[in-house]
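1. I would like the atomic coordinates for the input below:
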Amino acid sequence: MAKIIHSMIRVLNEERSVAFYRDCFDLQVAERLDFDGFTLIYLSNEETGTELELTVNKDRTEPYELGDGYGHVAFSVPDVDALHARLTDAGHAPRKLVDFAPGGEVIARFFFIKDPDGYEIEVLQRGGRYL
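-> Residues are numbered from 1 along each chain as shown. Purely as a prediction, here's the structure:
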């Protein structure tokens with residue numbers, strides 16, 4: 001069975017966004033992953049297992065316009081390979097499976113698929129931080 005785990009939005013200013021979500025919704029930084037071109041900040045609270053992922057693109061200097069910032073809903077599943085195969089066989093056209101290994105170690109195995117309205121959905125192998 002699938003379980004929603006996070007939704008992502010792009011933000012221009014990390015400090016301002018973290019402060020806003022902390023002050024308004026009591027979301028705290030659960031993890032911060034810093035890479036060359038971007039930073040991922042996972043926010044959560046004790047009320048829910050679902051997180052909000054803030055993505056800060058380091059080369060971005062202009063605010064995002066509505067519709068300009070990419071986002072997605074994410075689900076974790078116990079067997080991402082089996083689900084990918086089933087969705088492919090059913091004609092839903094999931095994109096390719098990806099092993100995300102920025103430092104040489106795989107930290108996520110996932111694929112994306114679009115819903116009928118074109119919204120992006122990330123499907124991750126359950127494990128690690130993606131339970």
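
2. report the helix or strand with the lowest average pLDDT across this structure.
-> Between all helices and strands in the chain, the lowest mean by mean pLDDT, DSSP states H and E belongs to strand 72-77, at a mean of 87.

3. next SSE downstream of it?
-> Moving toward the C-terminus from strand 72-77, the next helix or strand (DSSP states H and E) is helix 80-89.

4. report the buried residues of that following helix.
-> V80, L83, H84 (16 or more other Cβ atoms under 10 Å). From N, CA and C alone the C-beta is placed, and that goes for glycine too.

5. check which helices and strands the helix or strand just after it is in contact with.
-> Counting by DSSP H and E, the element after helix 80-89 in chain order, helix or strand, is strand 98-100. In terms of contacts (3 or more Cβ pairs under 8 Å, 6 or more residues apart in numbering; DSSP states H and E), strand 98-100 is packed against strand 108-114.

6. for the least confident helix or strand of the chain, output the C-alpha coordinates as CSV.
-> Taking Å, rounded to 0.1, in the frame of the first residue of the first chain, the C-alpha atoms of strand 72-77 are listed here in CSV:
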residue,chain,number,x,y,z
HIS,A,72,5.5,17.2,-6.4
VAL,A,73,3.7,14.9,-4.1
ALA,A,74,5.6,11.8,-3.0
PHE,A,75,4.6,8.3,-2.0
SER,A,76,6.8,5.6,-0.5
VAL,A,77,6.1,2.0,-1.5
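
7. contacts for it next, please.
-> 2-8, 53, 83, 112, 119-126, 130-131 (Cβ atoms under 8 Å, 6 or more residues apart in numbering).
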